[in-house]
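K.L.:
Sequence and predicted structure, then a few things I'm wondering about:
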Amino acid sequence: MKRLFTIVGAEWRYWQRSRLALGGALLLAGLLIATTVLTTLRMQGEAADRAHHQAEAEAVFLSQPARHPHRMVHYGHYVFRTPTPLSLFDPGLDAVTGQSIFLEGHRQNTAMFAASGAGADLGGFSWLSPAMVYQLFAPLLVILLGHGLIAREREAATLATLLAQGTPGRVLLAGKALALLSVVVLLLVPLAISAGLAVRAGEQALAAWALFGAYLLYLVIWAALALLASALLRRRSAALATLVTLWIALNLVLPAVAASWASNAAPMAGKLETDLAMLSDLRKLGDGHNANDPAFAQLRADLLAKHGVQRVEDLPVNLRGVVAQFGEQKLTETLNRYARAQAAAETRQAAVLANQGWFTPFLAVAEASRAVVGTDLAHHHRFLQEAEALRYAFVQGLNKVHAEKLAYSDDVRRSGDASAEERTRVDATNWQLLDRFRFEPDAAGSRIARAGPQWLMLCAWCVILVGTGFWAGGRLKP
């Protein structure tokens with residue numbers, strides 16, 4: 001054990017004397033600190049803004065004066081998805097998938113987003129986040145510090161001396177690995193701080209630890225690659241060139257190829273094609289604003305027979321409101337069918353991309369990070385589903401008011417009769433049917449379970465590389 005710590009101390013003294021190592025470490029530290037501070041401030045600001053806008057939207061909706069209930073259906077309501085506490089480290093798909101939706105009757109609007117707001121912080125590097133810095137640039141520092149761990153000893157002819165003095169190759173390799181691992185732990189300090197802030201903001205500690213563990217595994221993989229290259233290649237220049245080539249291949253080339261592969265392996269129908277097919281299906285449902293539409297003839301006949309009357313004026317409910325309820329139900333079923341098909345296609349494509357983590361740890365840690373943080377595709381889909389459930393509930397609630405509280409005779413004459421129009425306005429207390437919308441991430445256990453396959457990929461990379469390192473240590477030669 002003493003010999004191990006002697007090796008670790010020697011490495012740290014060498015790195016302290018190396019201007020290149022110190023410069024690289026300071027540059028990465030500055031980048032990590034800058035992105036952590038700016039992303040934390042931005043996401044906290046966005047969380048406060050979205051919570052404020054959500055409360056304001058609810059207050060504005062509920063404060064509307066007496067109106068015809070169908071006017072409130074079209075007046076609509078906004079819902080916002082507030083960032084998760086850990087999104088201050090990894091915003092994930094936050095700026096891409098959309099964070100607000102306008103809810104109204106007869107349609108499902110797409111989520112809206114404004115990614116340009118993040119651009120003011122880092123200019124052309126607005127895509128940078130602490131997570132991206134760890135995924136892309138932290139491995140470069142590990143490569144810089146680790147490529148010469150063994151090759152430097154071989155070039156200086158000290159490796160032969162160390163082995164001749166009785167230092168086993170595996171012990172030497174273990175000491176070098178321990179030194180590099182201590183650097184990895186230091187690199188993760190900003191992540192630990194971000195995780196602590198997230199826990200203080202309400203995040204579950206289990207999720208924070210899982211996020212820390214995923215990035216620890218990722219950087220251990222790069223440390224093992226650096227150590228292996230240094231042990232197996234005779235010159236530092238060859239080790240550095242090999243590791244940089246691996247970094248380009250694993251972090252830049254393969255992810256781009258994987259994204260293209262996923263698009264081809266799980267193709268999705270185009271928006272124009274989908275919209276045309278959906279509009280064709282919606283036209284067959286009839287116009288919910290027109291109670292005399294032939295599509296609702298059977299509904300009218302059934303309603304008259306049920307109540308034993310001959311005229312719609314004699315019904316105890318307003319036919320126009322009943323038609324609005326029925327039409328909205330059928331329309332929503334059709335819209336949901338297309339929404340489910342779209343979500344399923346996106347999920348299939350994302351799954352194909354996620355499986356490529358077996359070939360590059362970059363994709364594995366990125367997917368695990370988004371899943372644990374709660375900024376992945378699954379959370380976006382749940383946001384859409386919960387927003388749609390709220391939309392349907394408040395629209396049908398208003399349609400029920402339309403059917404039960406308005407007289408049919410007044411409803412059909414309200415456009416040309418001021419007194420009838422006045423009677424079709426219902427009291428503002430009817431707007432209280434709107435439920436408060438608060439989107440919360442899944443429980444920590446569910447998020448970690450969703451990241452399970454990526455954890456397996458990262459662990460497999462670690463086991464293979466550590467096993468190869470153990471083998472290389474036993475065969476270490478000057």
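P.N.:
Looks like it arrived, so ask away. Numbers count the residues shown, from 1 in each chain.

K.L.:
a strand runs through Leu103, doesn't it?
P.N.:
Yes - using DSSP: H, G, I helix; E, B strand; the rest coil, the secondary structure at Leu103 is a strand.

K.L.:
Can you give me the separation between it and Glu58?
P.N.:
12 Å (Cβ to Cβ, to the nearest Å). To be clear about C-beta, it is placed using only N, CA and C from the backbone, and glycine gets the same treatment.

K.L.:
Name the residue in these two with the higher neighbour count.
P.N.:
Leu103 (24 against 17; other Cβ atoms under 10 Å).

K.L.:
Let me know whether the more buried one touches Tyr75 as I believe.
P.N.:
No - between Leu103 and Tyr75 no contact is recorded; they are 10.3 Å apart, counting by Cβ atoms under 8 Å.

K.L.:
Would you mind confirming that Glu104 makes contact with His74?
P.N.:
Yes - counting by Cβ under 8 Å, Glu104 does reach His74; the two are 5.9 Å apart.

K.L.:
Which one of these two is surrounded by more residues?
P.N.:
Remark: of Glu104 and His74, Glu104 carries more neighbours, 17 against 12, as counted by other Cβ under 10 Å.

K.L.:
ok, and the closest non-adjacent residue to the more buried one?
P.N.:
With Cβ to Cβ, 6 or more residues apart in numbering as the criterion, Glu104 has its nearest non-adjacent residue at 3.6 Å, and that residue is Gly76.

K.L.:
which one is Asp90 nearest to, not counting chain neighbours?
P.N.:
Ala131 (3.5 Å).

K.L.:
close enough to count as contact, the residue nearest to Glu104 and Ile101?
P.N.:
No - taking contacts as Cβ under 8 Å, Gly76 lies outside contact range of Ile101: 9.9 Å.

K.L.:
Neighbour count: the two, which is higher?
P.N.:
Taking neighbours as other Cβ under 10 Å, Gly76 and Ile101 compare with Ile101 leading, 24 against 18.

K.L.:
List the beta-bridge partners for that one.
P.N.:
Val79 (DSSP bridges).

K.L.:
List the contacts of it.
P.N.:
For Ile101, the contact set (Cβ atoms under 8 Å, 6 or more residues apart in numbering) comprises Tyr78, Val79, Asn109, Thr110, Ala111, Met112, Leu384, Ala387.

K.L.:
do that again at 7 Å, thanks
P.N.:
Val79, Asn109, Ala111, Met112, Ala387 (Cβ atoms under 7 Å, 6 or more residues apart in numbering).

K.L.:
Can you list the low-confidence ranges for the stretch 51-200 of the chain?
P.N.:
113-127 (pLDDT under 70).

K.L.:
which stretches of it form helices?
P.N.:
For the stretch 51-200 of the chain, applying DSSP state H, counting those that start in this stretch gives helices covering 69-75, 94-97, 119-122, 130-136, 138-146, 151-155, 158-164, 169-187, 189-200.

K.L.:
Could you dump the ones you listed into a markdown table with distance to Leu233 added?
P.N.:
As requested, the helices of the stretch 51-200 of the chain are arranged in a markdown table below (distance: least, Cβ to Cβ, whole Å):
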| stretch | distance to Leu233 |
| --- | --- |
| helix 69-75 | 69 |
| helix 94-97 | 40 |
| helix 119-122 | 37 |
| helix 130-136 | 24 |
| helix 138-146 | 12 |
| helix 151-155 | 6 |
| helix 158-164 | 13 |
| helix 169-187 | 14 |
| helix 189-200 | 31 |
